[in-house]
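**Student:** Please work out how this folds:
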Amino acid sequence: MHEQNLQGPSRAESSASSRFAAASRGGLIGSIALLALVGCLKVPPQVVGTDRIEFGQVVAESMKRQTLLNVVRLRYADTPQFLDVGSIINSYTVGGTGTAGWSLPSHTDPTVLSLGTEHNWSNTPTVTYQPMTGEQFSKSMLRPIPPLAIFQLVQGGWPADLVLGTLVDSINGLRNDSGKAFMDRDFHRLIEAVARIQADGALAVQPEAGEEENRVLLVLRPDDDSLTGHEDEKLLLHLLKLDSTLHQFELVYGLAPSHPGEVAVISRSLLELMLLLGVDLEVPAGKGMPERALPFQRKGNRDQAPPPVRIRSGLTAPQDAYASVSYKGFWYWIDDRDVPSKRVFTFMMVLSSLQETGQNGVGPVVSVPSR
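**Tutor:** Residues are numbered from 1 along each chain as shown. Below is the predicted model:
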């Protein structure tokens with residue numbers, strides 16, 4: 001007679017049930033963890049700082065190369081081309097998917113839980129370029145820098161030799177270096193005197209509203225009643241043929257003053273400055289390049305100042321250059337160790353950035369996705 005089993009489920013059944021319950025709990029926990037992982041995907045804030053630095057560096061380098069190339073093109077009587085970076089729009093996309101599953105364990109397949117994840121990341125910048133044409137080109141490149149702005153740069157701390165030696169063509173008839181003649185000796189003495197007066201804090205410019213139009217005054221030591229004790233001020237007044245009894249002088253744009261109380265300045269435009277920077281460019285001897293370049297033969301002798309910017313040339317790309325470009329089979333560059341040339345070139349680029357750009361121009365706009 002068989003006995004009826006009243007002891008409940010067998011040990012094997014209990015073990016299988018326990019493994020099933022464990023697998024269910026593990027699968028549920030794994031699924032929740034996976035969903036939480038996918039849900040936490042986001043754009044890390046660190047990419048903003050990284051991309052900003054990298055894009056800024058690329059834009060700055062491209063500006064240097066474009067400016068240098070235009071200087072070279074002007075030296076060869078070629079047409080310059082100015083293409084502004086209007087905007088950079090960077091779009092980030094991040095996403096992900098996850099899968100989870102579990103099965104009863106067996107002797108042949110001990111796998112209880114299976115998980116799978118997939119995530120994607122995309123970075124799609126769009127760069128907008130705008131050619132500088134029409135009124136925008138005229139305002140930014142063709143108009144001379146106002147005399148007020150020039151002396152405001154000096155008053156603001158920019159070195160007088162850099163500002164006056166770069167932006168001024170003549171002051172009260174004293175001529176600076178140009179493509180036709182070297183600077184007058186007295187112009188160099190004038191720059192040195194202004195630099196010392198600047199260091200002493202004795203030079204200022206101030207707009208003054210007159211009855212008919214606004215005037216700009218160049219002021220020397222406005223708190224002093226006499227200038228007789230200041231050698232540099234006396235030298236400046238002598239070189240510019242100004243009235244020594246005055247300490248305020250009207251600053252105007254012009255070739256020569258109309259009276260002893262006036263300082264007449266002929267300033268340069270950015271395009272003229274770029275043309276002058278190419279005067280001392282090293283023209284290669286091969287491939288008929290000397291015949292392609294504009295001829296420049298200055299009068300006088302150069303014993304006052306070196307070339308403002310030295311642009312070297314060669315058949316191969318330089319290894320250590322501040323900026324380099326290729327043009328008609330030759331390379332042109334500014335040596336990174338040539339600090340005086342870098343100083344003038346960087347100052348010109350700063351002025352270009354400060355000039356009114358006229359973003360409302362009607363030139364064609366081309367948007368190119370960058371990859």
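
**Student:** which stretches of this structure aren't confidently modelled?
**Tutor:** Residue ranges of the chain with pLDDT under 70: 1-49, 91-123, 209-214, 222-229, 299-305, 355-371.

**Student:** which residues in it form helices?
**Tutor:** 11-39, 46-75, 134-137, 147-155, 160-167, 185-199, 231-239, 270-277, 289-292, 339-354 (DSSP state H).

**Student:** Buried residues, the last one. List them.
**Tutor:** In other words, helix 339-354. For helix 339-354, a neighbour-count test (16 or more other Cβ atoms under 10 Å) marks S341, K342, V344, F345, F347, M348, M349, L351, S352 as buried. (Each C-beta comes from the backbone N, C-alpha and C, glycine too.)

**Student:** about what we covered before: K328 is nearest to which of the helices of the chain?
**Tutor:** K328 lies closest to helix 289-292 among these, at 7.2 Å (Cβ to Cβ).

**Student:** Only the buried residues of that closest one, if you could.
**Tutor:** Buried-residue list, helix 289-292, by 16+ other Cβ under 10 Å: M289.

**Student:** for stretch 57-73, same thing?
**Tutor:** M63, K64, Q66, T67, L68, L69, N70, V71, V72, R73.

**Student:** Now do the same contact list for the third one.
**Tutor:** Right, the one you point to is Q66. Q81, F82, L83 (Cβ atoms under 8 Å, 6 or more residues apart in numbering).

**Student:** what's the distance between G134 and M141?
**Tutor:** 11 Å (Cβ to Cβ, to the nearest Å).

**Student:** These two: who's more crowded?
**Tutor:** With neighbours defined as other Cβ atoms under 10 Å, G134 and M141 compare such that M141 has more, 19 against 12.

**Student:** wait, what's in contact with the residue lying closest to the more buried one once chain neighbours are set aside?
**Tutor:** The spatially closest residue to M141, leaving aside those adjacent along the chain, is L271, at 4.4 Å (Cβ to Cβ, 6 or more residues apart in numbering). By Cβ under 8 Å, 6+ apart, the residues touching L271 are L74, P80, M141, L142.

**Student:** Return the residues in contact with the third one.
**Tutor:** M141 makes contact with F82, M132, S269, L270, L271, Q355 under the criterion Cβ under 8 Å, 6+ apart.

**Student:** and if we set it to 10 Å?
**Tutor:** Listed by Cβ atoms under 10 Å, 6 or more residues apart in numbering, the contact set of M141 reads N70, P80, F82, M132, S269, L270, L271, E272, L273, M274, S352, Q355.
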